[in-house]
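[1] Structural data only, the sequence is not supplied:
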Ligand SMILES: Cc1cc2nc3c(=O)[nH]c(=O)nc-3n(C[C@H](O)[C@H](O)[C@H](O)COP(=O)(O)OP(=O)(O)OC[C@H]3O[C@@H](n4cnc5c(N)ncnc54)[C@H](O)[C@@H]3O)c2cc1C
C-alpha cells in the first residue's frame, strides 16, 4: 500500500544554527515544526572544535556540544527532529497554497510553510594532508578561527575578494600571512588587492599552490609548489586558511526559487521571504556576506517570525471569506 502523504504546518530543512533557531521560535509559537537534519546533523559547526564567539558561552564551547544543546532546546518546545534528506520540492505559487516535499526520494510531505536552512559548504583543496588536519590548524573560516593563531605565522589559499578580505583580517592578528595565489594575478577587486598589498606582513606568492600540509596532529608547516617551475619550498606555519569559496546547498531548489548567479537564495529586503509565498530562507544559504553562527541564528529567528505572520494572515483571510 502506498505511504500516506503527511500534512504538516511548518517544515524546517536543515539542522545548523539557522534551522534550530527557527525551530525554537516556531515551536514556541505553536507552528508544530518538523525539522529534517540532512546529511550533516548539527551543520558546519560540528566540524570545528572550538566556538569562541557565540554569545552566552564565556569559556567558549565545542561545535558539536553547542549543536546538541540547540537541538535539545528546540525539542524542549516540541520540535520533531527527524534524520532525513529533502530530495525534491514543489513549491506553490499561491498565497495559502500547499508546498510538496519529498524526503529521501520516497516520503511525501505537504507543508503550509517551509523554512530553508540548508547552509553552504566550504570548498577545500581536497589534498589528504589538508583533510587530515581539518580542525588541527586547517580552517575554512578566518573570522571564526583566526584568533587562535594570534601572534603566529599562517598561510591562506585563495585569490578572490573573500580571500583578500580574510588575509587582511588575519594580518591584523597574526605575525605573518603568506597568501597563495594559483595564477599570476589575483581575482579580487582592485580595492581589495590594494588593501592586501598595503599590509607589510602579507606576502603574496603567485603561481603557488599548497602541495602538502605538514604536521602530525596539528599544522606545523606547509610545502608550497610553484606551478610554473615545479620548485617546492617548505614554510613554518601553525594555521592554514582555505578561502576558495563556498557552495550554497541549493541544488534541489533550482527552478523553484530565485537565486543569485552563485546559487544563494534571494530574500526580500530585510525579511527572509523568498519569491514563493510561505517559503522562507535563513542562514548561510541566503547570506554570502557574514556566514557566522550568530547571524545564521538571527535569520533563523526571523524566518520563524515571518512564517508565523504569514500563517496568521492566511488564516485571517480564510476566516473573512468563509
Ligand atoms: C571550520 C568552520 C569553523 C567555523 N567556526 C565558526 C565559529 O567559531 N563561529 C561562528 O559564528 N561561525 C563559525 N563557522 C561558520 C558557521 O558554522 C556557519 O555560519 C553556520 O553553521 C551556518 O549555519 P546554517 O544553519 O545556515 O547552516 P549549516 O550549519 O551549514 O547547516 C546546514 C544544515 O542543512 C542541512 N541540509 C543541507 N541540505 C539538506 C537537505 N537537502 N535536506 C535536509 N537538510 C539539509 C545540513 O545537513 C545541515 O544540517 C565555522 C564554519 C566552519 C566551516
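    Perfect, I can see it now. Given the structure is predicted, the values throughout are model-derived calculations rather than measurements.
[2] OK, contacts around the residue in the stretch 201-322 of the chain that the ligand sits nearest to?
    Proximity of the stretch 201-322 of the chain to the ligand (C-beta to the nearest ligand atom) peaks at residue 283, 2.2 Å away. (Glycine included, C-beta is placed from N, CA and C.) Under the criterion of C-beta atoms under 8 Å, 6 or more residues apart in numbering, the contact list for residue 283 reads 14, 16, 17, 18, 19, 117, 118, 119, 296, 299, 300.
[3] Of the residues you listed, which belong to helices?
    Among these, the ones falling in helices (DSSP state H) are 17, 18, 19, 296, 299, 300.
[4] Go back to the residues you listed and keep what's next to the ligand.
    Contacts with the ligand within those, as defined by C-beta under 6 Å from any ligand atom: 17, 18, 19, 296.
[5] May I ask you to confirm that residue 306 is in contact with residue 274?
    No - look at residue 306 against residue 274 with C-beta atoms under 8 Å: they stay out of range, at 10.1 Å.
[6] joint contacts of those two?
    residue 280.
[7] Would you check which pair of the ones in helices among the contacts of residue 283 lies furthest apart?
    Farthest pair in these (C-beta to C-beta) is 19 and 299. Separation: 10.7 Å.
[8] what residues do those two have in common as contacts?
    282, 283.
[9] Please compare those two by neighbour count and tell me which comes out ahead.
    A direct count of neighbours by other C-beta atoms under 10 Å for residue 19 and residue 299 places residue 19 higher, at 35 against 28.
[10] which ones are touching the more buried one?
    12, 13, 35, 43, 115, 117, 282, 283, 300.
[11] Now do the helix or strand that contains the fifth one: which elements does it pack against?
    Under the criterion of DSSP states H and E, residue 115 resides in strand 107-116. When contacts are defined as 3 or more C-beta pairs under 8 Å, 6 or more residues apart in numbering; DSSP states H and E, strand 107-116 packs onto strand 6-13, helix 17-28, strand 99-103, strand 279-281, helix 293-321.
[12] what packs against the helix or strand following it?
    Using DSSP H and E, the helix or strand that follows strand 107-116 towards the C-terminus is strand 120-122. Packing partners of strand 120-122 (3+ C-beta pairs under 8 Å, 6+ apart): strand 246-248.
[13] Would you mark the buried spots in the strand it packs on?
    Neighbour counts over strand 246-248 (16 or more other C-beta atoms under 10 Å) mark 246, 248 as buried.
[14] what sits up against it?
    With C-beta under 8 Å, 6+ apart as the criterion, strand 246-248 contacts 118-123, 259, 262-265, 284-285, 288, 291.
[15] now check that strand, is it near the ligand?
    No - residues of strand 246-248 are not located near the ligand by C-beta under 6 Å from any ligand atom, the shortest gap being 8.8 Å.
[16] Parallel or antiparallel, list what pairs with that strand.
    strand 120-122 (antiparallel) (DSSP bridges).
[17] Please compute how far the strand it pairs with lies from its chain's middle.
    5 Å (C-alpha atoms, centre = their mean, to the nearest Å).
[18] returning to that earlier point: max pairwise distance over the contacts of residue 19: which two?
    43 and 115, at 14.1 Å, using C-beta to C-beta across these.
[19] who has more neighbours, those two?
    Using other C-beta under 10 Å as the criterion, residue 43 and residue 115 rank with residue 115 on top: 33 against 26.
[20] hang on, the more buried one packs against residue 307?
    Yes - applying C-beta under 8 Å as the test, residue 115 and residue 307 come out as touching, 6.0 Å apart.
[21] what is in contact with those two at once?
    10, 22, 26, 280.
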